[in-house]
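Student: Just a sequence and a predicted model for now, questions to come.
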Amino acid sequence: MIEFPPGLLLIIGAILVPLLPQVVRNAYMLALPIVGFWGLLIIPEGVHFAFDIFGYTLSPVRIDGLSLIFGYIFHIAAAISIIFAFHIKDTVQQMSGLIYAGAAIGGAFAGDLITLFIYWEATAIASVFLIWSSRTEAAYRTGMRYLIIQVGSGVLLLAGAIIHYKETGSLDFTKMGLTGLGPVLIFIAFGIKAAFPLLHNWLQDAYPEATVTGTVFLSAFTTKLAIYALARGFPGTEMLIWIGATMTAFPIFYAVIENDLRRVLAYSLNNQLGFMVVGVGIGTELALNGTAAHAFSHILYKALLFMSMGAVLYRTGTIKGSELGGLYKSMPYTTGFCIVGAASISAFPLFSGFISKSLIIAAAAEGGHWIVWLILLFASAGVFHHSGIKIPYFAFFQHDSGKRPKEAPANMLFAMGIAAFLCIAIGVYPAPLYAILPFQVNFVPYTTTHVVTQLQLLLFSALAFTYLMKKGYYPPELKSTNLDFDWTYRRLLPKLLKGLGNIYVPADKYVRTVFLNRVERLIAGVFRHHGPEGLLARTWPTGSTVLWVAVLLALYMIFYFI
Amino acid sequence: MANQQKPDDKKYWLDDQNNVNKIIWALYIACALSVIADFFYHKHVHYAVEDWIPGMYGWYGFIGCVFLVLSAKVLRKILMRSEDYYDEADDD
């Protein structure tokens, strides 16, 4: 059997896409991740394709438990996203989707920091076209911001890798502590892509601006590659527990008041990443298994939710909660799939989130991190509140908006169907997922205590929603922009620069005025002596020349005699 | 919209307020059952607080969500701007 580097097949395969006729193009694109997945099944563990260049040893492919589970799910996500985009005829989107997915897969198998850097930047550059393909002014600006931040993350990664090499003499991508500048820079690079608090806004900015199909791709890869990288490089870094806990809690407040339902999902994506980051921070086998399992199930239900909202946007032309409602009447299948995604992200028993998130929460409890544990429980209730209830409720139910869009196209329904099936299958029968986790699993998700307590948490959260709705306390969906940290670089920083300009311009003007006054005075002086009325201008130029010659002659004679 | 069908006069099950009330009642009953369930098994807990009163998780979820929504309402007062806020900013 021929082995090939995972991910590269999709990247190279993308080049052929524009050359193929539309009839076979979809089948060809779908075949790429399927063949790639099969390649993962046959490739043995270990480092492959290692080579030396300029004295550095690079190991572009490393196969082990942690990289494999991310590799599997990235291939599945790519296949689902491609099916969801079957109706697209835009080759730019088709190619960038494939290259983006391939780069993320390649990154998950990178054995050294330089290979990781190359794939890291490739995901940034390929994915921005999924945003620009919306072809609006807003998408263009958002894409530029996204690109600057993503490429900036890569630059930090490269700088960190070089410093790390200088200090340790190794480029291997393995566990690093936060010791020295190199690992710290790498940590920040990962943190940007993982949407750490205050580094997160590119996510909520970009994902809602991408195309209907582009967002489905985007939701799967960039952030989960970063989670993988954190799990590989910084497991057990205690700071991550607190960073992660903050990530689970603070985006949900924004999710409650956000009107753009795809942006609500972006905030809840951020919150889900928080759970995974906590798992990495705890760093025990149970916790890291939890991170890997949660990334796996999260990619599926998040893609499912983004697909259902994408279908709504595709059919109605809007995704604002304030303009939607009552769509279940004409989009019943999309509604059903959305509810499956909502139940999964909320971690209802028998859905995928239940069997993956509980690993992380159990690890937090076992590790004695009781404050974090309380935050995670609060965030779990909050997730159900804004993703589990708010998303389906405001899109498909609430008051009837009068919109009667057609049901989603067949390819979209098919893609949603696969994702929904997997969400339920994993929830009902988690053994196959547990079998591919990086460490041996001794965890039983379906205990009476766990099922009952989780149901209590969720049912009473639903009760709170009902109570607030009936009492009229629930904030209505309003057309609005909510200020987040991106305000600092979209508004504050430009204002500061303008403010600096306001100081600089008068100062500059003052200096110029003073200088100009001097020049004017000089000119005036010259004018006084040389102007039409001046002493030195009373004679004709020939006359003045004679005068000057006389002066020179006099000086010459004086010097001569001295 | 080309994709739009005409609003029909067809009555859907959820259009009837009585049916919505049925769902809400079902939720009340489910909540009550989940609390009652706490009396019938031995709870394996990591922290004593999990078993202070029956339905501890439920109360925590309820209070948590009310806190979440009400504080988000306050946040809205501080953070909410018009929909084209950044468009205006860009034109400055």
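Tutor: Alright, I've got the coordinates.

Student: wait, does the top helix by length along chain A contact chain B?
Tutor: Assignment by DSSP state H gives helix A:493-530 as the longest helix of chain A. Yes: using CB under 8 Å from any CB of the partner chain, helix A:493-530 reaches chain B at A:494, A:498. For every residue, glycine as well, the C-beta is placed using N, CA and C.

Student: After that helix, which helix or strand is next? Please name it.
Tutor: Once helix A:493-530 ends, the next helix or strand along the chain (criterion: DSSP states H and E) is helix A:541-561.

Student: Report how many residues lie close to the closest residue to residue A:75 other than its chain neighbours.
Tutor: Nearest residue to residue A:75, sequence neighbours excluded (CB to CB, 6 or more residues apart in numbering or on different chains): residue A:37, at 4.1 Å. Look at residue A:37: counted by other CB atoms under 10 Å in any protein chain shown, it has 18 neighbours.

Student: likewise residue A:548?
Tutor: Residue A:548 has 11 nearby residues by other CB under 10 Å.

Student: Relative to residue A:554, how far out is it?
Tutor: Residue A:548 sits 11 Å away from residue A:554, going by CB to CB, to the nearest Å.

Student: Check residue A:183 too.
Tutor: Counting by CB to CB - residue A:183 and residue A:554 are separated by 82 Å.

Student: quick one, what contacts the residue nearest the centre of chain A?
Tutor: Chain A has residue A:203 as the residue nearest its centroid, 4.3 Å off, counting by CA atoms, centre = their mean. Listed by CB atoms under 8 Å, 6 or more residues apart in numbering or on different chains, the contact partners of residue A:203 are A:195, A:223, A:266, A:269-270.

Student: domains of chain A?
Tutor: Using automatic domain parsing, the domain parsing of chain A gives A:1-233, A:235-478, A:504-561.

Student: List, one by one, the residues from the stretch 151-300 of chain A near chain B.
Tutor: A:252-254, A:256-257.

Student: try it again with 10 Å
Tutor: Residues of the stretch 151-300 of chain A lying close to chain B (CB under 10 Å from any CB of the partner chain) are A:205, A:249, A:252-260.

Student: Closest to residue A:430 out of those?
Tutor: Nearest to residue A:430, judged by CB to CB, of those is residue A:252 at 25.7 Å.

Student: I figured the closest one was touching residue A:246, is that so?
Tutor: No: contact criterion CB atoms under 10 Å: residue A:252 and residue A:246 do not qualify, at 11.4 Å.

Student: overlap in contacts of these two?
Tutor: The contact sets of residue A:252 and residue A:246 overlap at residue A:274 (CB atoms under 10 Å, 6 or more residues apart in numbering or on different chains).

Student: Tell me which of those two has more neighbours.
Tutor: residue A:252 (25 against 17).

Student: ok, that one - contacts?
Tutor: A:264, A:267-268, A:270-271, A:274, A:378-379, A:381-383, A:385-387, B:65, B:68, B:72.

Student: Next, work out how far apart it and residue A:52 are.
Tutor: 49 Å.

Student: before we move on, what about residue A:65?
Tutor: 27 Å.

Student: higher neighbour count, those two?
Tutor: Per other CB under 10 Å, whichever of residue A:65 and residue A:52 has more neighbours is residue A:65, with 14 against 8.

Student: surely that one meets residue A:231?
Tutor: No: between residue A:65 and residue A:231 there is no contact under CB under 10 Å: 11.0 Å.

Student: Show the pLDDT at residue A:31.
Tutor: Per-residue confidence (pLDDT) for residue A:31: 95.

Student: Dihedrals phi and psi, it?
Tutor: Phi and psi for residue A:31, reported as degrees, to the nearest 10, are phi -70, psi -30.

Student: How about the contacts made by it?
Tutor: Going by CB under 10 Å, 6+ apart, residue A:31 touches A:9, A:13, A:24, A:79, A:82.

Student: From what I see, residue A:196 and residue A:251 are in contact.
Tutor: No: contact status for residue A:196 versus residue A:251: not in contact, 11.5 Å apart, counting by CB under 10 Å.
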